[in-house]
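Enquirer: The sequence and its predicted three-dimensional model are supplied below.
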2 protein chains.
Amino acid sequence: MIYTSESIERVVEYFSNLPSIGRKTAYRLTMFLLNQNSDFIEKFAQSLINLKQNIKYCSQCYNFTELDPCPICRSEKRNKSIICVVEEPADVNAIEKTNEYHGLYHVLQGVINPLENISPDDLKIRELLQRIKSDTEEVILALNPSTEGEVTTQYLTKILKPLGIKVTRIARGVPMGLSLEFADEATLSRAIQGRVEV
Amino acid sequence: MIYTSESIERVVEYFSNLPSIGRKTAYRLTMFLLNQNSDFIEKFAQSLINLKQNIKYCSQCYNFTELDPCPICRSEKRNKSIICVVEEPADVNAIEKTNEYHGLYHVLQGVINPLENISPDDLKIRELLQRIKSDTEEVILALNPSTEGEVTTQYLTKILKPLGIKVTRIARGVPMGLSLEFADEATLSRAIQGRVEV
């Protein structure tokens, strides 16, 4: 098999390294780029370089940001008495999209995972405790519904409760649009436990 | 909805412009890149810049290449008496993967398409005719099994036959409607073996 060009091969290789992109898709993307004008490719490449150069972690909430503190932490409009704890920066974006939450965030940058040797000390838990001040009224735990997420939620509950602040977790239940008959047992059972008066 | 960073937004935007990548995937890819080290991102960006700077069309077969003529055209091992005519550079790669064909290629850079105003003059047909010499024994037409591909095959047959060379087309092993670049090696390989004179 002759590859007609190493430059093409290298781009295919890099695209293949990205999640959910196989070799065939990588090759198609590369061919697509070759048919674009130089300007598009150069700006795309520059945006990637800027990404890593400009983005750092916010020194308060540990979300990705260009300015430190990040726009959410510095905003006058956010309710500074509520902190929502999430695993990853992507989770902040997911919650922001709901337009439902107007408090602050705290990105743990992972969850407790003994199998992968991730202990509480590897997460931004110490930094969370330092952020909790007298005007903090509530901490919402919005971790993923995985075993590790559950363990981390329990761990955080245990160390936050004694501080005398309200600790809540986002509701587990049947997702919108899903018929009851297709919900798995664990989800349904949580939904029944978490039933609310109407 | 607050986007925490313009640098992130820009990369998401560029990824979304690529075929088969929606906004959610684009965002996931961007988050993945942010978790890589600077070295990976810089090399990825550099590979994109090199792509457009290093790649040109081969002056003989009009495939993408870094060196002109391309490695296939300059190879001593290829059978120079057979020319396989394809639509796009991606098709050359697809056929090379079968390991079934050892002649030369000619990339038309499109097909005749009256609806999009693409006439024979817009394709590399004149260049194909110039390449046909006394030692050319066969021209294989390996265009996509689309209406435009069929029309172009018929057009080429009509102008190549009078030159007294054998004109063949790849067998209908390729299912109708599937682009060459997505055909599996076995099917493509059968199609080359079963080529028939037209």
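Expert: Everything's here; your move.
Enquirer: quick one: is stretch A:60-73 near chain B?
Expert: Yes. Using Cβ under 8 Å from any Cβ of the partner chain, we find that stretch A:60-73 touches chain B at A:63-66, A:70-72. Heads up, the C-betas are built off the backbone N, CA and C, glycines and all.
Enquirer: chain center to whichever helix in chain A runs longest, what's the gap?
Expert: Assignment by DSSP state H gives helix A:38-54 as the longest helix of chain A. Computed by Cα atoms, centre = their mean, to the nearest Å, the chain-centroid distance of helix A:38-54 equals 23 Å.
Enquirer: helices or strands up against the helix or strand just after that helix?
Expert: Beyond helix A:38-54 on the C-terminal side, the first helix or strand identified by DSSP states H and E is strand A:56-57. In terms of contacts (3 or more Cβ pairs under 8 Å, 6 or more residues apart in numbering or on different chains; DSSP states H and E), strand A:56-57 is packed against strand A:64-65.
Enquirer: thinking again about what came up before, give the rounded mean pLDDT of the longest helix of chain A.
Expert: Averaged over helix A:38-54, pLDDT sits at 92.
Enquirer: so what's residue A:74 up against?
Expert: residue A:67 (Cβ atoms under 8 Å, 6 or more residues apart in numbering or on different chains).
Enquirer: what pLDDT does it get?
Expert: Residue A:74 is given a pLDDT of 93.
Enquirer: next one: residue A:190
Expert: 79.
Enquirer: how far out from the middle of the chain is stretch A:53-64?
Expert: The chain centroid and the centroid of stretch A:53-64 are separated by 13 Å, computed with Cα atoms, centre = their mean.
Enquirer: I'd like the C-alpha coordinates of that stretch written as PDB, please.
Expert: Extracted C-alpha coordinates of stretch A:53-64, given in PDB (Å, rounded to 0.1, in the frame of the first residue of the first chain):
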ATOM      1  CA  GLN A  53      -2.400  29.000  25.000                       C
ATOM      2  CA  ASN A  54      -5.400  31.100  26.200                       C
ATOM      3  CA  ILE A  55      -7.300  28.600  28.300                       C
ATOM      4  CA  LYS A  56      -6.400  28.000  31.900                       C
ATOM      5  CA  TYR A  57      -8.300  27.000  35.000                       C
ATOM      6  CA  CYS A  58     -10.200  29.600  36.900                       C
ATOM      7  CA  SER A  59      -8.500  30.000  40.300                       C
ATOM      8  CA  GLN A  60     -11.900  30.000  42.000                       C
ATOM      9  CA  CYS A  61     -14.100  27.400  40.400                       C
ATOM     10  CA  TYR A  62     -11.500  25.400  38.300                       C
ATOM     11  CA  ASN A  63     -13.600  25.600  35.200                       C
ATOM     12  CA  PHE A  64     -11.700  26.300  31.900                       C
END
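Enquirer: still on that earlier bit, can you tell me if the longest helix of chain A touches chain B.
Expert: Yes. Counting by Cβ under 8 Å from any Cβ, contacts between helix A:38-54 and chain B involve A:38, A:40-54.
Enquirer: which regions of chain A lie under the pLDDT threshold?
Expert: Low-confidence segments of chain A, defined by pLDDT under 70, span residues A:1-4, A:197-198.
Enquirer: domain parsing for it?
Expert: The domain map for chain A lists A:1-36, A:79-177, with the assignment taken from automatic domain parsing.
Enquirer: now the ones you listed as TSV including distance to residue B:183 and mean neighbour count?
Expert: As requested, the domains of chain A are exported to TSV (distance: least, Cβ to Cβ, whole Å; neighbours: other Cβ atoms under 10 Å in any protein chain shown):
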stretch	distance to residue B:183	mean neighbour count
domain A:1-36	11	17
domain A:79-177	37	16
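Enquirer: Mind putting those domains into CSV with distance to residue B:19?
Expert: What follows is these, written out as CSV (distance: least, Cβ to Cβ, whole Å):
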stretch, distance to residue B:19
domain A:1-36, 5
domain A:79-177, 23
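Enquirer: Any idea which of those domains gets closest to residue B:82?
Expert: Comparison of the domains of chain A against residue B:82 by Cβ to Cβ identifies domain A:1-36 as nearest, at 15.7 Å.
Enquirer: between the residues of stretch A:60-73 next to chain B, which is nearest residue A:83?
Expert: Of all the residues of stretch A:60-73 next to chain B, residue A:72 has the smallest distance to residue A:83: 11.1 Å, by Cβ to Cβ.
Enquirer: burial count for the closest one?
Expert: Each residue near residue A:72 was counted by other Cβ atoms under 10 Å in any protein chain shown, and the total is 21.
Enquirer: Report the contact partners of residue A:52.
Expert: Here residue A:52 is in contact with B:33-34, B:38, B:41-42 (Cβ under 8 Å, 6+ apart).
Enquirer: List, out of the residues you listed, those positioned next to chain A.
Expert: B:33-34, B:38, B:41-42.
Enquirer: Farthest pair within those?
Expert: Maximum pairwise distance in those, criterion Cβ to Cβ, is 13.6 Å, between B:34 and B:42.
Enquirer: ranges for the strands of chain A?
Expert: Here chain A has its strands, by DSSP state E, at A:56-57, A:64-65, A:79-86, A:103-107, A:138-141, A:166-169.
Enquirer: Nearest to residue B:28, out of these?
Expert: Evaluated with Cβ to Cβ, those place strand A:64-65 nearest to residue B:28, the distance being 13.8 Å.
Enquirer: buried stuff in stretch A:41-52?
Expert: A:41, A:44-45, A:47-52 (16 or more other Cβ atoms under 10 Å in any protein chain shown).
Enquirer: need the contact list for residue A:31.
Expert: B:88-90, B:181.
Enquirer: same thing with residue A:53?
Expert: Contacts for residue A:53 (Cβ under 8 Å, 6+ apart) come out as residue B:38.
Enquirer: Tell me how many other residues crowd the residue nearest to residue A:173 when sequence neighbours are not counted.
Expert: Nearest non-adjacent residue to residue A:173, counting by Cβ to Cβ, 6 or more residues apart in numbering or on different chains: residue A:191, 3.9 Å away. Residues lying near residue A:191 (other Cβ under 10 Å) number 16.
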